[in-house]
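**Q** sequence and predicted structure are below.
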Amino acid sequence: MNESSIGEPSEKLRADLAEEAHVWLSDLEVWRRSPVLSADETDRIRTIRHPDAQMAFVAGRSLLRVALSHYHDVEPTAWEFAASRLGRPELSAPVPLARLRFNLTHTRGLAACVVTSTADCGIDVEQLERPLKPLRIAEHSFAAEELHDLENRTDGEVRERFFTYWTLKEAYYKARGSGIPFRMTGARFELESPARIAFAPTVEEDAMAGEWQFALTRPTAAHVMAVALRPGTDRRFAIRCFSHRPTNTGPDFAETPLTPVRVTTTEAES
Ligand SMILES: CC(C)(COP(=O)(O)OP(=O)(O)OC[C@H]1O[C@@H](n2cnc3c(N)ncnc32)[C@H](O)[C@@H]1OP(=O)(O)O)[C@@H](O)C(=O)NCCC(=O)NCCS
């Protein structure tokens, strides 16, 4: 697919959300000189101690605001958000335009958000070189089968496999808005068949596997990204991706192919 510019707010883009979910991507630095924040977000930066975390917050919120203004003729700084009972930010104003759902993620070098019309959605991006001990974390946070899978990987494979499970789990819990539990054993993923993701939630998780759709992709060579969507039973969204591109005239986005490394499979499809 050729890159095509996404310009003015578009009713068509909004209508497309009936059948699609949209992922918006940018690196962090593009927002440093011209952040797009509300007054309370500007105040909030002062409460964030670490400069990297400040930059991630600025980039994430700026990307989100500019992305949302592609669906409605609303100034990016005018969108208002309110946290759900469990802390998940949702659109609260301007009403009644706020019929969009979103989720946001940021890590070193990349910010991403996913937008749907009403469906639950979650997104997580992680940088592969992030310093951590994959097996140590998997021992207490992953299901036994997932840990077993990691233990049978070569040293070179463990890290990417770990982040595949991790981003899928985190995207799922973010879509549910419940916060990330210390033990993520209830939402189990199977990655045995190449290019496929099977989702096997436990009874305690209170989730129906067939309602969920997952996609895993590598937006850059250094990042793994997972998207979790809940279109409902027997439904699948097409997932489109819009990437920031630098121009002299301000933030501009172009549609870019989102090449999934893995997608959900159900028994019927496998
Ligand atoms: C909030 C949380 C989901 C963020 O995860 P993370 O890996 O640090 O960060 P990500 O970059 O992927 O996502 C951050 C964004 O998620 C969104 N978010 C915040 N709370 C959320 C929730 N409950 N559900 C979904 N999304 C949430 C926000 O937009 C946030 O970005 P912002 O603060 O800049 O607006 C996670 O820290 C969490 O679950 N916290 C609450 C519970 C908790 O602390 N559990 C730890 C037990 S060990």
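**A** Sure, I can see it.

**Q** pull up the residues of the stretch 1-150 of the chain that are close to the ligand.
**A** Residues of the stretch 1-150 of the chain that fall close to the ligand, judged by C-beta under 6 Å from any ligand atom: 57, 60-61, 86-89, 103-106, 124. Where C-beta positions appear, they are placed from N, C-alpha and C, glycine not excepted.

**Q** most neighbours among these, which one?
**A** Of all these, residue 61 has the most neighbours under the rule other C-beta atoms under 10 Å, reaching 27 neighbours.

**Q** buried set for stretch 29-43?
**A** By neighbour count, with 16 or more other C-beta atoms under 10 Å as the criterion, the buried positions of stretch 29-43 are 30-31, 35-38, 41.

**Q** and for stretch 169-182?
**A** If you call a residue buried by 16+ other C-beta under 10 Å, then stretch 169-182 has these buried ones: 169-177.

**Q** those also near the ligand: which ones?
**A** Among the buried residues of stretch 169-182, proximity to the ligand is found for 170, 174, 177 (C-beta under 6 Å from any ligand atom).

**Q** list the contacts for the closest residue to the last one other than its chain neighbours?
**A** This points to residue 177. The shortest distance from residue 177 to any residue that is not its chain neighbour, by C-beta to C-beta, 6 or more residues apart in numbering, is 3.4 Å, and that residue is residue 88. Taking C-beta atoms under 8 Å, 6 or more residues apart in numbering as the contact definition, residue 88 lies against 103, 174, 177.

**Q** quick revisit: among the buried residues of stretch 29-43, which two are most distant?
**A** Longest distance between any two of these is 18.8 Å, between 30 and 38; criterion C-beta to C-beta.

**Q** show me where pLDDT drops low in the stretch 51-200 of the chain?
**A** Low-confidence segments of the stretch 51-200 of the chain, defined by pLDDT under 70, are located at 96-98.

**Q** what segments of it are helices?
**A** Assigned by DSSP state H, counting those that start in this stretch, the helices in the stretch 51-200 of the chain fall at 51-68, 134-141, 144-151, 155-176.

**Q** the second one to helix 144-151, inter-axis angle?
**A** Relative orientation of helix 134-141 versus helix 144-151 (axes from the mean of the first three to the mean of the last three C-alpha atoms, to 10 degrees): 170 degrees.

**Q** can we start the residue count at 205 from this point?
**A** All right, first residue 205 from here; so that's helix 338-345.

**Q** give the other helices and strands that helix 338-345 contacts.
**A** helix 348-355, helix 359-380 (3 or more C-beta pairs under 8 Å, 6 or more residues apart in numbering; DSSP states H and E).

**Q** hmm, back to that, got a markdown table for the helices of the stretch 255-404 of the chain, with distance to residue 224 too?
**A** Supplementary listing: these in a markdown table, determined by distance: least, C-beta to C-beta, whole Å:
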| stretch | distance to residue 224 |
| --- | --- |
| helix 255-272 | 14 |
| helix 338-345 | 32 |
| helix 348-355 | 30 |
| helix 359-380 | 16 |
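
**Q** between these, which one is closest to residue 319.
**A** Proximity to residue 319, assessed across these by C-beta to C-beta, is greatest for helix 255-272 (6.3 Å).

**Q** what does that closest one contact?
**A** Helix 255-272 has contacts (C-beta under 8 Å, 6+ apart) with 226, 228-236, 239-242, 245, 248-249, 252, 278, 280-281, 283, 295, 304, 306, 308-312, 315-317, 319, 446, 448, 455, 457.

**Q** what about it, distance to the chain center?
**A** Offset of helix 255-272 from its chain centre (C-alpha atoms, centre = their mean, to the nearest Å): 13 Å.
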